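A.B. asks: Pasting a predicted model and its sequence here:
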Amino acid sequence: MWVATRIIDVTDAKRPWWQTAATPRQGFILGGLWLLLAILQAASAIGDPRPFAILLGAGCLILGLGYLVPAELIRRRSRSGSR
């Protein structure tokens, strides 16, 4: 009969789930590129607001914020000296 000896995984700690970039610089660059794409998409949708263009711009905005917010959190965490 097989018995599980390891119920809880006790491997080394990984980065937090919200950390989408490895460094703040990488997060700011990727977030800035996604926000630029969102702005360009919004500018192109001004004349002809198609639903697809609006959804694409909103998706790019969400991705941009999804990189910028964790980058700022990583930067603040590294400045405070805590892990």
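C.D. replies: Done, it's in.

A.B. asks: what ranges do the strands span in the chain?
C.D. replies: Per DSSP state E, the chain carries no strands over any range.

A.B. asks: Can you pull the poorly scored residue ranges out of it?
C.D. replies: Scanning the chain with the threshold set as pLDDT under 70 gives 1-13, 15, 17-18, 82-83.

A.B. asks: So which residues of it form helices?
C.D. replies: 24-44, 51-80 (DSSP state H).

A.B. asks: right, so of those, which gets closest to K14?
C.D. replies: helix 51-80 (14.3 Å; C-beta to C-beta). Glycine gets a C-beta too; all of them are placed from N, C-alpha and C.

A.B. asks: what's the spacing between R25 and R50?
C.D. replies: 35 Å (C-beta to C-beta, to the nearest Å).

A.B. asks: hang on, I meant A21
C.D. replies: 31 Å.

A.B. asks: Same question for L68.
C.D. replies: 27 Å.
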